[in-house]
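Trainee: 3D model of this:
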Amino acid sequence: MANRRISELPELAGADVAEQDLLTMVHVFEVDPTLKNKKITISGFRDYLTTKYLATSGGTVTGNVLIQGDLTVTGVTVVNSITASGAATFSGVLVQNNLTASGTISGQTITGQALQSVTINATTGTFTTVTGATANFVSGDFSTRVSGATITGNILQATSGQFNYLSGNTVTGNTVQGTSGVFGTLSTPLLNVSGNLSVASGLTVTGLAQFGSGVQVTGTLSGTTVTGTAAQFTSITGATGVFTSVVSGASITGSVVNATQITGISGTFTSRVSGATVTGNVGAFGSITGISGVFTQVLSGAVITGNTGLFSVVTGVSGVYTNLSGATVTGDVVLAATFTGVTGVFTSRVSGTTITGNTALFTSVTGVSGVFTTQVSGATVTGTSGLFTNLTAGTGVFTLVSGFTVTGNAGAFTTVSGIDGVFTGNISGSSVTATTISATTGTFTSVTGTTVNAPTGIFTSVVSGATITGNTGLFTVVTGATGVFSQVSGTTINANNFLGGTFSGEQYKVSGDLTIIDASGGVKPYGQFTFPASPGTNNYILTSNGDGTTMWRSTSFPSQGIILESIIEIIVNTAITNGNHGLSVGPVSVASGVVVTVPSGSYWRIV
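Mentor: Got it, this is the predicted structure:
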């Protein structure tokens, strides 16, 4: 029987299990290791399960029962109280005492001696007495009396009735006499009000309403046509209105007012004022639009625009005119897109985006740019920038000379700058700077620039730059933050970080850490092995898996004489070698996320 698997043992059917049959158990709280393995009979195990679980029949639950799903009872259930958070369906409920429901009771037929409810919703019902806060019925016949603080409904049919307060969507009858009433719809051939008629919100009359005396409306009075001899309104709002006599008030507003005459001390029109003739002593308008206008005194405003204006005198800080003409136009500053005239004398200045003419006599011309089609001449012509197709002069002093091509026999320049330049002789100076210098030979004390391109060069002191490239370079010492070299050779090569594809040499000396990585991040000496990313743990060794990969495996080391020690907690992935068994001294725990692999045909025994 020893060393046999459970699958190799003979099967015992459930019907053949006897009360005296035994089960093996490990008593974890037993102090003596030799007594941890114990036995228990089937009957004893059943007694244990009865204390923890409900039997299939005849069981008694002394505490609370929480049922999260559905509970189906086919027989009779006697309970002291039932609390259901969801819906409960009963085929029949017989209540011998009182039934109190905090929710809703619904059913085809509900009978009882007494029914007390805040709200009853029923299609039909036969009640001897109905009392409660609210009763809602689809229909009902009350042979004696209906009474209550408030009685509402869609239709009320009664021969007579006395109501202190009656409300409803529709109330009909030959005569309605009441102290007060609230009606959603009041339909009557004639409305006779002997006292006061108070309308809290809106009053809509589809026929004719006549009032013998005054009508005071605290809300809104509206209609297609409202007529009267005199009306006093705080506010009148409507699509249109016709007033045959006078409209007066502290403030009259509207989108459109069509009046033969409007008289007032002042007026504010937010949209427009229109008419054949609009007169007044003073008018403050944001915008005046009309075919023509005659102003006898003054027309003023921040901006006055129009196609044609006939003014004796125009006075203003500035003005914008599409066309301004006159025998004499004077002003300190005139900014015009086009100025046309036979002659003109400008005592101060002429300015504009473009000034053209056949002849101009200027003492001084100042502008951002100018185009002269024929000639610019003078004893002295100065300017910050001049663009000339051809400039001819004996001598000249220029702060800046620029052009596509600048030629001359001799030029004394403090600074020469351009996109490119061709010099047939020599360029000399204390400092020559350029983005690119292309020359057959050159002798420079100091060369500073973005790019230097030359077939060969001999630099006796220093070559420095953000990037120095070339096919061949012979340097005694190369110093830089980074560098990309097709080939680096020398007796000694010093670098903090050396990234390269292939290194060859007789001897390598590394004073710090040496990190060799491939494209996948693994370390492969001789291109054979990859190493784990973790540094391992104490008493673990690095072993080969036979496929070019390695992993950390636990082992045992003699520490005291002949005592063999075993790891208590496995904290890294461990695999038993194919064809071998594993043996550990228990108890042994496996850390979270760690996997112990036992190959097929192998065993891991814990003793």
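Trainee: okay, CA-based contacts and neighbour counts for the rest of this
Mentor: Noted.
Trainee: Tell me which helix or strand residue 49 sits in.
Mentor: For residue 49, the host element (DSSP states H and E) is helix 42-52.
Trainee: which residues touch that helix?
Mentor: Applying C-alpha atoms under 8 Å, 6 or more residues apart in numbering, the contact partners of helix 42-52 are 17, 18, 19, 20, 21, 22, 23.
Trainee: Thought residue 14 was touching the fifth one, still the case?
Mentor: No - with the criterion set as C-alpha atoms under 8 Å, residue 21 and residue 14 do not qualify as a contacting pair; they are 11.5 Å apart.
Trainee: Those two: which has the busier surroundings?
Mentor: residue 21 (12 against 7; other C-alpha atoms under 10 Å).
Trainee: Contact partners for the more buried one?
Mentor: 41, 42.
Trainee: gap between it and residue 50?
Mentor: 18 Å (C-alpha to C-alpha, to the nearest Å).
Trainee: From the contacts of helix 42-52, list just the buried residues.
Mentor: Buried residues within these, counting neighbours by 16 or more other C-alpha atoms under 10 Å: residue 22.
Trainee: and which of the contacts of helix 42-52 is nearest residue 100?
Mentor: Nearest to residue 100 among the contacts of helix 42-52 is residue 19, at 49.6 Å by C-alpha to C-alpha.
Trainee: quick one: contacts for that closest one?
Mentor: So residue 19 contacts 41, 42, 43 (C-alpha under 8 Å, 6+ apart).
Trainee: any idea which helix or strand comes after the helix holding residue 49?
Mentor: With elements assigned by DSSP H and E, the helix or strand that comes after helix 42-52 is strand 121-122.
Trainee: For the stretch 1-150 of the chain, give me the ranges with low pLDDT.
Mentor: Residue ranges of the stretch 1-150 of the chain with pLDDT under 70: 1-2, 56, 58-59, 75, 84-86, 143-144, 149.
Trainee: give me the number of residues near residue 572?
Mentor: Count around residue 572 with other C-alpha under 10 Å applied: 21.
Trainee: Could you do the one 10 residues further on as well?
Mentor: The number of residues packed around residue 582, counting by other C-alpha under 10 Å, is 13.
Trainee: what do you get for residue 451?
Mentor: Residue 451, neighbours per other C-alpha under 10 Å, totals 15.
Trainee: The nearest residue to it once chain neighbours are set aside: what secondary structure?
Mentor: Distances taken as C-alpha to C-alpha, 6 or more residues apart in numbering put residue 436 closest to residue 451, at 5.8 Å, once the chain neighbours are dropped. Counting by DSSP: H, G, I helix; E, B strand; the rest coil, the backbone at residue 436 sits in coil.
Trainee: Confirm for me that residue 436 is in contact with residue 452.
Mentor: Yes - counting by C-alpha under 8 Å, residue 436 touches residue 452, with 6.2 Å between them.
Trainee: so residue 444 is in which element?
Mentor: Counting by DSSP H and E, residue 444 is found in no helix or strand.
Trainee: Going forward, the N-terminal residue is numbered 46.
Mentor: Sure, I'll start numbering at 46, so the last one becomes residue 489.
Trainee: Against residue 501, how distant is it?
Mentor: Applying C-alpha to C-alpha to residue 489 and residue 501 gives a distance of 14 Å.
Trainee: try residue 610
Mentor: Per C-alpha to C-alpha, residue 610 is found 72 Å from residue 501.
Trainee: of these two, who's got more company?
Mentor: More neighbours surround residue 610 than the other of residue 610 and residue 501, with 14 against 11 (other C-alpha under 10 Å).
Trainee: Let's see the pLDDT reported for the more buried one.
Mentor: In the prediction, the pLDDT value recorded for residue 610 is 73.
Trainee: backbone phi and psi for it, please?
Mentor: When read as degrees, to the nearest 10, the backbone of residue 610 gives phi -90, psi 150.
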